[in-house]
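Q: got a predicted model here, sequence first, then my questions.
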Amino acid sequence: MSIQIYNTLSRRKEILDPVVPGEIRMYVCGPTVYNKAHIGHAMSSIIFDVIRRYLLYRGYQVNFVMNYTDVDDKIIARANQLGVDPITIATQHIEEYTRHLADLNVLPATTYPKASSEMDKIIDMIGRLIKKGFAYSVDGDVYYRVLRDSDYGKLSGRKLEDMQSGTRKEIDDRKETPMDFALWKAAKPGEPSWDSPWGKGRPGWHIECSVMSMTYLGDQIDIHGGGNDLIFPHHENEIAQTEALTGKPFAKYWVHNGRMQLAGEKMSKSLGNLVTIEDFLNKHTGESLRMMTLNSGYRNPLIYSEEILGQATRALDRLRSGLKKALPGSNVDSGEVIDALNRQMELTQAGFEEAMDDDFNS
C-alpha cells in the first residue's frame, strides 16, 4: 500500500509521490530562539521525527532540514530586556534546544540552518523579487506586493479582502496595500543589522525560511512541516515569495501538527502556563512525552495533564513488558509457540504499516 499524506493545501489525503523517486526533501520550521523551549515545541519535533523515521523505515532517503530563527523581533526584544547581544541569546537557546532534542531521542537533522548565516542569500532573493516586480522598497524597508499574486491565500483559504497585514507590526501606511508583508526591515537603534542595497537592516521573518529551504533542498521540496499556527501568515507568505521567484510549486505536501493545550487551555507565555522542556525532563522521561504524543493523531490538539501523561507512561510500561525474559520452565522454545509468535509478529507488523501508511496514524 502507498503512503497517504494529508495535504493542508488540497485539504485531503494524497498518495505520497516524491519529486525525485525514492527521495524525500523535508523542511520543518524550527523554533524562534528567544526563550526556553516548551513542551509544545517538543511535541512538534517528536511528530516530525516520527514521520521522518517512518519514511526511512519504508525505504526513502530523507534529507531533513530544520531551521532556527535567530533574527527576529522577539529575540531583539528579549535581548534588550536582558541587556545582552541578540545573537548571543539566540545561540544559547539553540545549544539548549539541540541538547533537548537528543534527550527526546529525536534524530539530528541533516542540516540546521540559521537565518544569521544566510544573509547574503536572503538579500539576493529580495533583490530578485524587486527586479521581477513582486517587491518594492520604501525608506529602507522592502515589502512583497500581495496583490501581484493571484494565488495568494491558497494555503489558508483566506480571501484578500478579509486579510490583515502579514507582518508582526502595526499596519504601515507607506505600504501600497495593508496586506503587503516585510521582506527587509530598515535598521533601528540597538538592533542587529546587515548592509544591503536598501541600507542597513535585517530580514523579515518569512523570507528567512524560503531562502533556507531553497538553499539546502532546492526550488521544490516534498514536505514542508510546522505547527498549524504557522499556516497564516508564515507559510502563506513563504509560498507567495518562493513561487513568485521560481515559477514552480514550492512544496508538494504541507503538513501541520495540532497545538498542545494544558488541561483544555492554550499554552501561552501571557497566561503563564508554559511547561518548559527542561522542567519536564527534570521530572519525566522523554519516552513518556513521545508516547503521549503518539497516542493522538498528529493533526489534532494534544491535551497535556499529569493524568494523561501517567496513562501514557503506564502504556509504555505495558509495551516494555513484552521484552521481559520468559519465566524459567516456560515452553517458549517449543516449535508451536515460536510459530504462533512469528504469525503474530507478521500480523502486528502488517497492522502497523497499514495504520502508518494512512497519514502516519500512530
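A: Looks like it arrived, so ask away.

Q: and the strands in the stretch 251-362 of the chain?
A: 251-257, 260-262, 265-266, 302-304 (DSSP state E, counting those that start in this stretch).

Q: start and end of stretch 94-114, how far apart?
A: This stretch, stretch 94-114, spans 10 Å end to end (CA to CA, to the nearest Å).

Q: no, scratch that, I was asking about stretch 227-242
A: Counting by CA to CA, you get 20 Å between the two ends of stretch 227-242.

Q: now swap in stretch 7-16 and tell me
A: In terms of CA to CA, the two terminal residues of stretch 7-16 are separated by 10 Å.

Q: all helices for the stretch 1-150 of the chain, in order.
A: With DSSP state H, counting those that start in this stretch, the ranges of helices along the stretch 1-150 of the chain come out as 39-57, 73-82, 86-103, 119-131.

Q: so which of these is the most packed in?
A: Across those, averaging neighbours per residue (mean count of other CB atoms under 10 Å) puts helix 39-57 on top, at a mean of 22. Backbone N, C-alpha and C define where each C-beta goes, glycine included.

Q: gap between that helix and the chain center?
A: In terms of CA atoms, centre = their mean, to the nearest Å, the centre of helix 39-57 is set 10 Å apart from its chain centre.

Q: please apply the same query to stretch 320-330.
A: Counting by CA atoms, centre = their mean, stretch 320-330 comes out at 40 Å from the chain centroid.

Q: what's the answer for stretch 199-217, then?
A: On the basis of CA atoms, centre = their mean, stretch 199-217 sits 16 Å off its chain's mean C-alpha point.

Q: which positions in that stretch come out as buried?
A: If you call a residue buried by 16 or more other CB atoms under 10 Å, then stretch 199-217 has these buried ones: 201-217.

Q: narrow those residues to those in strands?
A: In strands, defined here by DSSP state E, the members of the buried residues of stretch 199-217 are 201-203.

Q: quick one: which of those residues is nearest residue 124?
A: residue 203 (11.5 Å; CB to CB).

Q: now that closest one: how far from residue 194?
A: Here residue 203 is placed at a distance of 8 Å from residue 194 (CB to CB, to the nearest Å).

Q: can you check residue 148 too?
A: Using CB to CB, residue 148 is found at 26 Å from residue 194.

Q: returning to what we had before: quick one: which of the strands of the stretch 251-362 of the chain is nearest residue 188?
A: Closest to residue 188 of the strands of the stretch 251-362 of the chain is strand 265-266 (CB to CB; 30.9 Å).

Q: hmm, residue 7 is touching residue 15, no?
A: No - the pair formed by residue 7 and residue 15 falls short of the contact definition of CB atoms under 8 Å, at 10.4 Å.

Q: for the strands of the stretch 251-362 of the chain, which one sits closest to residue 226?
A: Across those, closest to residue 226 is strand 251-257 (CB to CB), at 6.3 Å.

Q: can you dump the C-alpha atoms of that closest one in CSV for me?
A: Extracted C-alpha coordinates of strand 251-257, given in CSV (Å, rounded to 0.1, in the frame of the first residue of the first chain):
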residue,chain,number,x,y,z
ALA,A,251,6.2,22.1,-1.7
LYS,A,252,4.1,19.2,-2.8
TYR,A,253,2.7,18.4,0.7
TRP,A,254,2.1,20.9,3.5
VAL,A,255,1.9,19.0,6.8
HIS,A,256,0.8,20.8,10.0
ASN,A,257,0.5,19.4,13.6
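
Q: poorly predicted segments of this protein, please.
A: For the chain, applying pLDDT under 70 flags the ranges 163-171, 264-272, 331-332.

Q: max-length helix in it?
A: Longest helix of the chain, by residue count under DSSP state H: helix 335-357.

Q: format the CA atom coordinates belonging to that one as PDB.
A: Extracted in PDB, the C-alpha atoms of helix 335-357 (Å, rounded to 0.1, in the frame of the first residue of the first chain):
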ATOM      1  CA  GLY A 335       8.000 -25.000  17.800                       C
ATOM      2  CA  GLU A 336       4.300 -24.400  18.300                       C
ATOM      3  CA  VAL A 337       4.900 -21.300  20.500                       C
ATOM      4  CA  ILE A 338       7.500 -19.900  18.100                       C
ATOM      5  CA  ASP A 339       5.300 -20.400  15.100                       C
ATOM      6  CA  ALA A 340       2.400 -18.600  16.900                       C
ATOM      7  CA  LEU A 341       4.700 -15.700  17.900                       C
ATOM      8  CA  ASN A 342       6.000 -15.400  14.300                       C
ATOM      9  CA  ARG A 343       2.400 -15.300  12.900                       C
ATOM     10  CA  GLN A 344       1.500 -12.700  15.500                       C
ATOM     11  CA  MET A 345       4.600 -10.700  14.600                       C
ATOM     12  CA  GLU A 346       3.700 -10.700  10.900                       C
ATOM     13  CA  LEU A 347       0.200  -9.600  11.700                       C
ATOM     14  CA  THR A 348       1.300  -6.900  14.000                       C
ATOM     15  CA  GLN A 349       3.800  -5.500  11.500                       C
ATOM     16  CA  ALA A 350       1.200  -5.500   8.700                       C
ATOM     17  CA  GLY A 351      -1.300  -3.700  11.000                       C
ATOM     18  CA  PHE A 352       1.400  -1.200  12.000                       C
ATOM     19  CA  GLU A 353       2.200  -0.400   8.300                       C
ATOM     20  CA  GLU A 354      -1.500  -0.200   7.400                       C
ATOM     21  CA  ALA A 355      -2.100   2.400  10.100                       C
ATOM     22  CA  MET A 356       1.000   4.400   9.500                       C
ATOM     23  CA  ASP A 357       0.500   4.400   5.700                       C
END
